[in-house]
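Student: here are the coordinates; sequence isn't available:
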Ligand code: PEP
């Protein structure tokens with residue numbers, strides 16, 4: 001059965017709505033200068049306006065590019081949206097279902113499912129973000145919420161698509177708040193997510209899925225979180241805007 005040792009760890013930098021193309025170029029160069037371990041897949045997710053410039057900086061290196069957003073339609077009258085074909089050749093990963101998009105922009109489980117399918121059809125890899133709100137955790141609904149979010153997407157995927165997907169467990173109360181989940185909480189939720197994938201596709205597929213933890217990961221708390229069995233890396237927001245802090249987190253995932 002694959003374990004942390006056989007699933008390549010993956011650490012993704014979600015720059016959110018930060019960095020101009022010039023700032024993104026500088027930050028990507030600073031991250032490249034950190035000599036990151038080759039055993040960790042590193043993904044930089046700049047805003048859409050910086051995707052091409054940051055992609056040029058990391059071209060020919062082991063660092064991949066991820067988009068923060070995509071729409072499932074292929075083309076047409078969808079002002080402001082980006083299709084998967086527009087990302088092809090620039091990005092290899094796409095974050096989907098981030099709680100900021102669910103909460104602030106009304107993205108539903110169905111939207112996340114359609115986007116994830118479109119991402120796979122284009123040969124890209126989704127990073128599917130799931131996680132409960134504070135009210136849901138406090139009322140004992142963490143497992144129910146995560147199961148709904150994961151199964152609504154994964155039941156619609158082929159086994160191969162499911163196994164090659166990345167999932168980010170991101171409790172909403174931990175994102176950008178400075179309050180990370182404890183390693184026990186993260187490990188419990190990630191185990192539950194893997195079990196949910198296994199219900200849809202069997203344990204062989206579930207064992208292939210890489211599941212990250214995200215939510216106030218810092219250079220201080222990363223070691224305790226990332227050394228836990230089953231936690232295959234991190235989705236990092238705030239701390240990814242600092243090259244040395246981000247490099248410390250990548251190192252902890254190695
Ligand atoms: C995120 O944006 O996915 C995230 C986890 O943010 P932060 O690390 O700032 O909490």
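Tutor: Yep, it's here. What you see is a predicted model, and the numbers here were worked out from it, not measured in a lab.
Student: please enumerate the strands of the stretch 151-254 of the chain.
Tutor: With DSSP state E, counting those that start in this stretch as the criterion, the stretch 151-254 of the chain has strands at 166-169, 210-214, 233-236.
Student: for the last one, name the packing helices and strands.
Tutor: In this structure, strand 233-236 packs against strand 10-14, strand 210-214, helix 222-226, helix 243-253, with contacts taken as 3 or more CB pairs under 8 Å, 6 or more residues apart in numbering; DSSP states H and E. All C-beta atoms are positioned from the backbone trio N, CA, C, and that covers glycine.
Student: in a markdown table, list those along with mean neighbour count, distance to the ligand and mean pLDDT.
Tutor: Below are these laid out as a markdown table (neighbours: other CB atoms under 10 Å; distance: least, CB to the nearest ligand atom, whole Å; pLDDT from 0 to 100):
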| stretch | mean neighbour count | distance to the ligand | mean pLDDT |
| --- | --- | --- | --- |
| strand 10-14 | 25 | 4 | 98 |
| strand 210-214 | 27 | 4 | 98 |
| helix 222-226 | 21 | 11 | 96 |
| helix 243-253 | 21 | 10 | 97 |
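Student: so who does residue 73 touch?
Tutor: 81, 83 (CB atoms under 8 Å, 6 or more residues apart in numbering).
Student: and the residue of this protein nearest the ligand?
Tutor: residue 237 (2.1 Å; CB to the nearest ligand atom).
Student: relative to residue 25, how far out is the nearest residue to that residue once chain neighbours are set aside?
Tutor: Spatial nearest neighbour of residue 237, excluding adjacent residues (CB to CB, 6 or more residues apart in numbering): residue 14 at 5.0 Å. Plainly put, residue 14 is 18 Å away from residue 25 if you go by CB to CB, to the nearest Å.
Student: that older thread, isn't the residue of the chain closest to the ligand up against residue 17?
Tutor: No - in this structure residue 237 lies outside contact range of residue 17 using CB atoms under 8 Å: 10.9 Å.
Student: from residue 6, how far out is the residue nearest to residue 237?
Tutor: Counting by CB to CB - residue 14 and residue 6 are separated by 26 Å.
Student: what do you get for residue 65?
Tutor: According to CB to CB, residue 65 and residue 6 sit 25 Å apart.
Student: the two - which one has more neighbours?
Tutor: residue 65 (24 against 9; other CB atoms under 10 Å).
Student: helix, strand, or coil at the more buried one?
Tutor: Secondary structure, DSSP: H, G, I helix; E, B strand; the rest coil: residue 65 is strand.
Student: how many neighbours does the residue lying closest to residue 144 once chain neighbours are set aside have?
Tutor: Excluding its sequence neighbours, the residue lying closest to residue 144 (CB to CB, 6+ apart) is residue 136, at 8.0 Å. Residues near residue 136, counting by other CB under 10 Å, number 18.
Student: what do you get for residue 236?
Tutor: Applying other CB under 10 Å, I find that residue 236 has 27 neighbouring residues.
Student: residues contacting it?
Tutor: Neighbouring residues of residue 236 by CB under 8 Å, 6+ apart: 11, 12, 13, 14, 214, 217, 246, 249.
Student: roughly how far does residue 254 sit from residue 214?
Tutor: Taking CB to CB, one finds residue 254 at 18 Å from residue 214.
Student: what does residue 57 give?
Tutor: The gap separating residue 57 from residue 214 is 24 Å, by CB to CB.
Student: between the longest helix belonging to the chain and strand 210-214, how big is the angle?
Tutor: The longest helix of the chain (DSSP state H) is helix 183-201. With axes from the mean of the first three to the mean of the last three CA atoms, to 10 degrees defining the directions, helix 183-201 sits at 140 degrees from strand 210-214.
Student: point out the other helices and strands that helix 183-201 packs with.
Tutor: helix 142-154, helix 159-164, strand 166-169, helix 203-208, strand 210-214, helix 222-226.
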